[in-house]
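K.L.:
Sequence and predicted structure below; questions after.
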Amino acid sequence: EERVVALDALRSLAKDNATAALMVKAGVIEKAVAALKNGSNEERAVALSLLQRVSTSPRAQHALLSAGVVPALEALLNAPTGPRQGGSEGLLAALTLARSEER
């Protein structure tokens, strides 16, 4: 419950690239990816929403890719149960594109 509240509070703060960059520095991206991989359904839903918000920042995109979010998103999309929020496919597509542009 506390993790859900904390992730939701961070999600509400993630409104621009500058804030996303601060979240990268603070290690928020890694914590949100960990919640996406191993959290409860509620934690996963909030983490996904947070990651969608920060994913517009190139720095955050790099941090998301480094934290291994693509396999976590793929697993989430293919899971028989769990959060299925519209936009997760879009986030996955945007990160896949960002990854291909880095090469």
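P.N.:
Happy to help now that I have it.

K.L.:
In terms of helices and strands, where is the residue most central in space within the chain?
P.N.:
In the chain, the C-alpha nearest the mean C-alpha coordinate belongs to L51, at 2.6 Å (Cα atoms, centre = their mean). Per DSSP states H and E, L51 falls inside helix 41-54.

K.L.:
what packs against the helix or strand that comes right after that helix?
P.N.:
The helix or strand immediately downstream of helix 41-54 is helix 58-66, counting by DSSP H and E. Helix 58-66 makes packing contacts with helix 17-25, helix 28-38, helix 41-54, helix 88-102 when contacts are defined by 3 or more Cβ pairs under 8 Å, 6 or more residues apart in numbering; DSSP states H and E. Every residue, glycine included, has its C-beta placed from N, CA and C.

K.L.:
How far off centre is the longest one?
P.N.:
What that stands for is helix 88-102. 12 Å (Cα atoms, centre = their mean, to the nearest Å).

K.L.:
one step back: of the helices and strands packed on helix 58-66, give the one that comes closest to A79.
P.N.:
Nearest to A79 among the helices and strands packed on helix 58-66 is helix 41-54 (9.2 Å), distances taken as Cβ to Cβ.

K.L.:
tell me what that closest one is packed against?
P.N.:
Counting contacts by 3+ Cβ pairs under 8 Å, 6+ apart, helix 41-54 packs against helix 2-13, helix 17-25, helix 28-38, helix 58-66, helix 69-78, helix 88-102.

K.L.:
Quick check: which of the ones you listed is buried the most?
P.N.:
Among those, the stretch with the highest mean neighbour count (mean count of other Cβ atoms under 10 Å) is helix 28-38, at a mean of 21.

K.L.:
Now tell me what touches that one from outside.
P.N.:
3, 7, 10, 23, 43-44, 46-48, 50-51, 54, 60, 63-64, 67-69, 72-73, 75-76 (Cβ atoms under 8 Å, 6 or more residues apart in numbering).
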